[in-house]
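Participant: Just to be clear, the model below is a prediction. Sequence and coordinates:
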Amino acid sequence: MNVLTFPWPFYAGGLGIGLVVLLTFYLKNRPLGASGGFDALCALVVKNSYMDHFKDDWRVFFVVGLPIGGFISMASQGRWPFLWNMGYIDGLLAPTSLAKFALFLIGGLFIGFGTRFANGCTSGHAITGISLGGKNSIIATVTFFAVALVTTWILYAVLGEFA
């Protein structure tokens with residue numbers, strides 16, 4: 001059995017993530033999070049004084065590497081389940097590709113606003129911030145998951161899918 005295709009236990013993934021966080025602090029003395037990497041990626045395109053401090057940031061490689069790693073993982077397992085299906089929302093709205101794009105765009109704007117408002121993303125707060133004992137990270141992570149839970153319940157209630 002190939003180590004790449006074998007389903008790894010949860011604790012191995014957690015240990016790997018923890019080691020990457022420690023290594024990140026040891027080598028760069030910076031927190032690991034996707035939103036900081038996204039800022040660094042945007043700084044390559046947007047030229048203004050706010051984005052200047054993100055230039056030459058190593059986290060751009062982290063953000064670019066995330067989808068590449070996902071594609072390598074899918075390819076190594078012989079599966080390519082890239083779907084455009086939104087499940088229940090498709091059934092309710094029957095959106096066109098343009099409508100789905102608009103939903104994704106609006107959702108992405110909300111996520112971006114929330115990330116800036118919370119001073120970081122779920123991975124940054126939940127993995128790095130909580131590991132460091134950050135009170136704000138604990139509050140932000142609980143808020144992220146509470147809002148996701150409430151949103152899911154509202155969507156299911158609207159769609160009539162509760163038993």
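Facilitator: In hand now; what should we look at?
Participant: Can you tell me how far residue 8 is from residue 135?
Facilitator: 32 Å (C-beta to C-beta, to the nearest Å). Where you see a C-beta, it was placed from the backbone N, CA and C, and this is true even at glycine.
Participant: before we move on, what about residue 117?
Facilitator: Residue 117 is 17 Å from residue 135, by C-beta to C-beta.
Participant: ditto for residue 125
Facilitator: When residue 125 is compared with residue 135 (using C-beta to C-beta), they lie 11 Å apart.
Participant: out of those two, which sits in the more crowded spot?
Facilitator: Each of residue 125 and residue 135 has its neighbours counted (other C-beta atoms under 10 Å); residue 125 has more, 26 against 9.
Participant: what's the offset of the host helix or strand of residue 65 from the middle of its chain?
Facilitator: Per DSSP states H and E: residue 65 is located in helix 59-76. Here the centre of helix 59-76 is set off from its chain's centre by 12 Å, with C-alpha atoms, centre = their mean, to the nearest Å.
Participant: That helix: which residues count as buried?
Facilitator: Residues of helix 59-76 classed as buried by neighbour count (16 or more other C-beta atoms under 10 Å): 59, 60, 62, 63.
Participant: What of stretch 110-128?
Facilitator: Buried residues in stretch 110-128 (16+ other C-beta under 10 Å): 114, 115, 118, 120, 121, 122, 123, 124, 125, 126, 127, 128.
Participant: for this protein, what helix or strand is lowest in average pLDDT?
Facilitator: helix 88-93 (a mean of 64; mean pLDDT, DSSP states H and E).
Participant: Past it, which element shows up next along the chain?
Facilitator: Helix 88-93 is succeeded, C-terminally, by helix 97-117 (DSSP H and E).
Participant: Fine, thanks again, bye for now.
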